[in-house]
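**Student:** please find the sequence and the predicted model below.
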Amino acid sequence: MDIKIYQGLHDDAMNIRITVFVAEQGFIDEPDEIDKTASHIVCYDNEKPIGCCRTFMKEGTSCWCLGRMAVLKEYRGKGVGRRIMKAAERYVYDRNADSLQLHSQLHAVGFYEKCGYKKISGIEYEQGEPHVWMEKERGCLT
């Protein structure tokens, strides 16, 4: 598996997100304004895009956000998500992030906890789906 990082939204990331978030889960806001300036991390298996996420700095802070984490269904449970997370953490660490935050769907909280993230909010709803904010501080990144 190979990881590539793109500035701005890349077609490979968009196609994965449409498959996972729109076709599978019924979300409608793909893409959004953040995509234009976010860094997109895409994981490839023999040149086939299989997973992605985006990272961006919260304006006026040294905290970064990770979002739109998606892995194609047939590649879930095979370490792809963890590999993408490691790449994202290294990327923001190298840019002096104090922390990395994400807005997790409830069904994915266990995955992020295994990656070292802690809940920092109660349940909030995004397009009708329950989410919680989670965070990993700089000393725990990478």
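**Tutor:** Great, that's in hand. Numbers count the residues shown, from 1 in each chain.
**Student:** hang on, Thr19 in a strand?
**Tutor:** No. Looking at Thr19 with DSSP: H, G, I helix; E, B strand; the rest coil, it is helix, so not inside a strand.
**Student:** contacting residues around the helix or strand Arg54 falls within?
**Tutor:** Applying DSSP states H and E as the criterion places Arg54 in strand 48-57. With contact meaning CB atoms under 8 Å, 6 or more residues apart in numbering, strand 48-57 is reached by 1, 9, 12-13, 15-17, 34-35, 37-44, 63-72, 75, 80-81, 83-85, 88, 91-92, 95, 97, 100. Quick note: C-beta positions are derived from backbone N, CA and C, even for glycine.
**Student:** Ile5: what secondary structure?
**Tutor:** strand.
**Student:** now it: closest residue in space, sequence neighbours ignored.
**Tutor:** Ile41 (5.3 Å; CB to CB, 6 or more residues apart in numbering).
**Student:** residue contacts, that neighbour?
**Tutor:** Contacts of Ile41 by CB under 8 Å, 6+ apart are Ile3, Lys4, Ile5, Tyr6, Cys52, Cys53, Arg54, Thr55, Ile84, Ala87, Ala88, Tyr91.
**Student:** please name the strands paired to the strand holding Arg54 in the sheet, noting orientation.
**Tutor:** When pairing is defined by DSSP bridges, strand 48-57 lines up against strand 39-45 (antiparallel), strand 63-71 (antiparallel).
**Student:** quick one: closest of those strands to Gln25.
**Tutor:** Gln25 lies closest to strand 63-71 among these, at 9.4 Å (CB to CB).
**Student:** which other helices and strands does the next helix or strand after the closest one contact?
**Tutor:** Next along the chain after strand 63-71, taking DSSP H and E as the criterion, comes helix 80-93. With contacts defined as 3 or more CB pairs under 8 Å, 6 or more residues apart in numbering; DSSP states H and E, helix 80-93 has these neighbours: strand 2-7, strand 39-45, strand 48-57, strand 63-71, strand 99-105.
**Student:** can you list the buried residues in helix 80-93?
**Tutor:** Buried residues in helix 80-93, counted by 16 or more other CB atoms under 10 Å: Val80, Gly81, Arg83, Ile84, Met85, Lys86, Ala87, Ala88, Glu89, Tyr91, Val92.
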